[in-house]
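# here's my sequence, what's the structure:
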Amino acid sequence: MYHEKNIKIWLTSVALFSTLLATGQARDVSLKIDKENRNAVTISVPQTEDITRSALRQQLEKSGLKKKTRNGIDRYSGVVLSELSSDKMDIYTKVEKAINEGSNVYIAVSRGYNNFTNQADDSIITENVKTFLVNFSQQAGNYASDLAIADQIRTVEKEERALQQLKNERSELQGKKAMIDNRLAEIERELIAKETTIEQQQNEIKSAKVKRGS
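Okay, the predicted model is just below:
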């Protein structure tokens, strides 16, 4: 029990450290949207591009947001995302493969009509975006873990089905083997009986010949 408690404390510490590290990674950048450079916030996550994109889309869809995708950028028009602001906004997201490994996530926010937020005039929203991305980084890890677990479950289920098939085949073959063994035993008895009968008949023939000769 003491060992399990230490493990939980260690995992909590690792998660906290990862969150603090991710906070430093959420930073202001420029993102090209419709051929224009716009203010945005980015963060790097260790998951692959496909997993990260799916995780982000799933999280936003759970918040009731619907997207339209154009040129690799998802746009959520006239939506309210409480983690960022209580006002309606246009939210732009992009996920791309990182240079080394993992992926980069970008979020840009517009108040409408291409009125994009920036750190100077909209510091609260910008900080909220950074916090959102930091939290998402952990969610992306959980999403990847869930996918891995689901894949492992499918693998185990597949192996279990294969195991059951082998057991069924073994049971069927054992049944056939029992029938074969029984039949072999019957044949062995019949062989002995036939051999005995033939030997008796041959002896009778010999006796008959001896009597006939005398």
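
# so which helix or strand takes in the residue nearest the centre of the chain?
When C-alpha atoms, centre = their mean is applied to the chain, the residue found nearest the centroid is Leu147 (2.8 Å). Secondary structure assignment for Leu147, by DSSP states H and E: helix 123-213.

# who are the packing partners of that helix?
helix 2-25, strand 36-45, helix 49-62, strand 103-110 (3 or more C-beta pairs under 8 Å, 6 or more residues apart in numbering; DSSP states H and E). C-beta here means a position set from N, CA and C on the backbone, and glycine is covered the same way.

# now do it and strand 36-45, the angle between them.
Angle, helix 123-213 to strand 36-45, by axes from the mean of the first three to the mean of the last three C-alpha atoms, to 10 degrees: 50 degrees.

# show me the contacts for the closest residue to Val79 other than its chain neighbours.
In space, and not counting its chain neighbours, Val79 is closest to Leu65: 4.9 Å by C-beta to C-beta, 6 or more residues apart in numbering. Contact analysis of Leu65 by C-beta atoms under 8 Å, 6 or more residues apart in numbering lists Tyr76, Val79, Leu81, Ile91.

# 10 Å - rerun?
Arg57, Gln59, Asp74, Tyr76, Ser77, Val79, Val80, Leu81, Ile91, Thr93 (C-beta atoms under 10 Å, 6 or more residues apart in numbering).

# likewise for Arg170?
Arg170 makes contact with Lys177 under the criterion C-beta under 10 Å, 6+ apart.

# run the angle between the helix holding Leu147 and strand 103-110 for me.
Going by the same axes, to 10 degrees, helix 123-213 makes 140 degrees with strand 103-110.
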